[in-house]
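1. Fold the following.
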Amino acid sequence: MQVSEITAEGAKLSWNPPSDDGGQPIENYVVEKLDEATGRWVPAGETTGPQTNLKIEGLTPGHKYKFRVRAQNKQGKSEPLATDKYIEAKNPFGKSIFSCVSRLLSNLLCMLVYIYVRVSSHKLVHDVRVIVFTVSDNSLCQ
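-> Now for the predicted structure:
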């Protein structure tokens, strides 16, 4: 089983179908997650058909997880296929896009741009004044 597209809130799981389906076609797959903090397997989702991948959501940022998947058909559920190692729910670059955008907006709010448009003698005159108060952090999203 492969785990990819890992974020603080989710991940994508992909796997190969079982070599033995018991003579019946696979109807769907059931996925469970194990949070290292709780030590319990709980449902994480299921496919709507025989596709062999699933986007998992609802992970807790910073927690470590294992995943397992079972094929399901008229014969019942297969033995589980599980990940070997715990996967930490975290954003790939250490900060979420929300955090970066939030910091950027915060820095932009520190800058006041005042554009004054006035009409004088039938001419449109633009008077642009830029007042910079402060830019607090130049290490944006590093």
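
2. Residue 29: what secondary structure?
-> Residue 29 carries the three-state label strand when classified by DSSP: H, G, I helix; E, B strand; the rest coil.

3. Quick check: it vs residue 38, distance?
-> To residue 38, residue 29 is 23 Å away according to CB to CB, to the nearest Å. Every residue, glycine included, has its C-beta placed from N, CA and C.

4. Please identify which of these two sits among more neighbours.
-> Between residue 29 and residue 38, counted using other CB atoms under 10 Å, the more crowded position is residue 29 (26 against 10).

5. Got phi/psi on the closest residue to that one other than its chain neighbours?
-> Closest residue to residue 29 in three dimensions, ignoring its sequence neighbours and counting by CB to CB, 6 or more residues apart in numbering: residue 47, at 4.7 Å. The main-chain torsion angles of residue 47 are listed as degrees, to the nearest 10 and equal phi -80, psi 160.

6. try residue 66
-> Summarising the backbone geometry of residue 66 under the convention degrees, to the nearest 10, its torsions are phi -110, psi 160.

7. Give me the three-state assignment for the nearest residue in space to it that is not next to it in sequence.
-> Nearest residue to residue 66 in three dimensions, chain neighbours excluded: residue 34, at 4.4 Å (CB to CB, 6+ apart). When the structure is reduced to helix, strand and coil (three-state DSSP), residue 34 reads as strand.
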